[in-house]
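# Predicted model and sequence below, questions to follow.
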Amino acid sequence: MIDWNRVIELRDEVGPSEFDPVLELFVDEVEEIVMRLSKDDPGKLERDLHFLKGSAWNLGFAEFGSLCQEFEAKVCRGQIETIQIDRIVRCYSTSKQVFMRDLPRIIDDQEGGAAGVA
């Protein structure tokens, strides 16, 4: 669900002091887009899913990013009726819960060991 190696890599790239602001920006932007997803405009839905996919993978939300990729491809193929917005919302919500719950432990463990994908 979460690629903790990517999370640690990003934290190392931006530095521990900048990681929380990056995380806050990610959550704010992603939640805004997730809440406005709609099948009414396929072009906008495709762009939103593309943005969500990239943002998710950048922060290590592996399962959420893969789901966005799957649905983005379906929109590109004209399969708009197969897009399950409720599934996208649930996947993001679950990913965020796991991320927030486990992040402190992962950071602590990383300082003394290795991280992985959970």
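Perfect, I can see it now.
# helix or strand for the spatially most central residue of the chain, which one?
For the chain, the residue nearest the mean C-alpha position is A56 (2.6 Å; CA atoms, centre = their mean). In this structure, A56 sits in helix 42-59 according to DSSP states H and E.
# and that helix, what other elements does it pack with?
When contacts are defined as 3 or more CB pairs under 8 Å, 6 or more residues apart in numbering; DSSP states H and E, helix 42-59 packs onto helix 4-14, helix 16-36, helix 62-76, helix 85-110. Placement of C-beta: from N, CA and C, glycine included.
# gap between the last one and the chain center?
So that's helix 85-110. Here the centre of helix 85-110 is set off from its chain's centre by 9 Å, with CA atoms, centre = their mean, to the nearest Å.
# which of the residues in that helix are buried?
With burial defined by 16 or more other CB atoms under 10 Å, the residues of helix 85-110 counted as buried are I88, C91, Y92, S95, K96, F99, D102, L103, I106, I107, Q110.
# State the distance from the second one to C76.
Just to be clear, that refers to C91. Distance of C91 to C76, computed by CB to CB, to the nearest Å: 20 Å.
# likewise H50?
H50 sits 10 Å away from C76, going by CB to CB.
# These two: which has the busier surroundings?
Set side by side, H50 and C76 show unequal neighbour counts under other CB atoms under 10 Å, the larger going to H50 at 15 against 12.
# and that one, what does it touch?
Counting by CB atoms under 8 Å, 6 or more residues apart in numbering, H50 touches C68, E72.
# ok, back up a step: and the residue nearest to the centre of the chain, what's its pLDDT?
Per-residue confidence at A56 stands at 98 (pLDDT).
# and the nearest residue to it once chain neighbours are set aside, how many neighbours does it have?
Excluding its sequence neighbours, the residue lying closest to A56 (CB to CB, 6 or more residues apart in numbering) is G65, at 3.5 Å. Around G65 sit 22 other residues, with neighbours defined as other CB under 10 Å.
# check contacts around G65.
Listed by CB under 8 Å, 6+ apart, the contact partners of G65 are L52, K53, G54, A56, W57.
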